[in-house]
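Novice: quick one: sequence and predicted model below, then my questions.
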Amino acid sequence: MSEELSRRFPGVRFYNAGLTEVQDNVSIGTGSRVGSMTLIHQDAQVGSGTTIGSHCNICKCVIGDNVSIQTGCHITRGVVIEDDVFVGPRVVTLNDKLKGGDMVYPYIEKGARIGGGSTILPGVRIGAGALVGAGSVVTRDVAPNTLVLGNPARPVKRLDESQN
């Protein structure tokens with residue numbers, strides 16, 4: 001398995017290729033790293049220089065360059081994560097409002113940071129440079145350069161753009 005993944009994805013480091021599954025029609029950019037026991041589903045797109053931790057489930061989504069997705073995350077189908085985003089451990093994204101309608105997908109803009117254990121509900125957009133505190137449940141859009149905390153996540157303060 002490790003030889004196959006190395007052949008399919010030159011320039012990508014798999015920490016334990018024998019315990020990693022990458023389905024068909026996936027793209028992973030050079031300089032990226034993928035942890036053990038991670039599943040990357042068919043048609044997922046992962047940029048260059050991106051780290052995906054162990055025990056992650058990455059569905060058909062688009063992940064930009066220089067993104068860090070820590071251990072135990074579930075990135076559901078349809079999600080877009082722009083460049084330079086940090087996703088802490090055990091973050092979950094959701095795409096189904098359970099109301100019988102169309103699925104709606106979270107969108108995480110450039111440079112946002114999501115604290116560990118957070119849940120991002122369907123259709124939520126997290127603005128560029130935003131910071132979601134650990135354990136938050138994000139039920140509404142987050143403005144760029146804004147810190148949100150809690151369940152449900154509420155804006156706490158505006159962040160200095162020069163710190164992003």
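Specialist: Yep, it's here. Numbers count the residues shown, from 1 in each chain.

Novice: what strand or helix carries the residue lying closest to residue 24 once chain neighbours are set aside?
Specialist: Distances taken as C-beta to C-beta, 6 or more residues apart in numbering place residue 42 nearest to residue 24, at 5.2 Å, with adjacent residues excluded. For every residue, glycine as well, the C-beta is placed using N, CA and C. Here residue 42, judged by DSSP states H and E, is contained in no helix and no strand.

Novice: isn't residue 42 up against residue 21?
Specialist: No - judged on C-beta atoms under 8 Å, residue 42 makes no contact with residue 21 at a distance of 10.6 Å.

Novice: by average pLDDT, which secondary structure element in this protein comes out worst?
Specialist: Least confident helix or strand, the chain: helix 2-8 with a mean of 86, by mean pLDDT, DSSP states H and E.

Novice: what is that one packed up against?
Specialist: strand 13-14 (3 or more C-beta pairs under 8 Å, 6 or more residues apart in numbering; DSSP states H and E).

Novice: average model confidence for the helix or strand following the strand it packs on?
Specialist: Using DSSP H and E, the next helix or strand after strand 13-14 towards the C-terminus is strand 21-22. The average pLDDT for strand 21-22 rounds to 96.

Novice: now do the contacts for residue 33.
Specialist: Residue 33 makes contact with 12, 13, 14, 15, 50, 51, 52 under the criterion C-beta atoms under 8 Å, 6 or more residues apart in numbering.

Novice: residues contacting the second one?
Specialist: With C-beta under 8 Å, 6+ apart as the criterion, the residues that contact residue 13 are 32, 33, 34.
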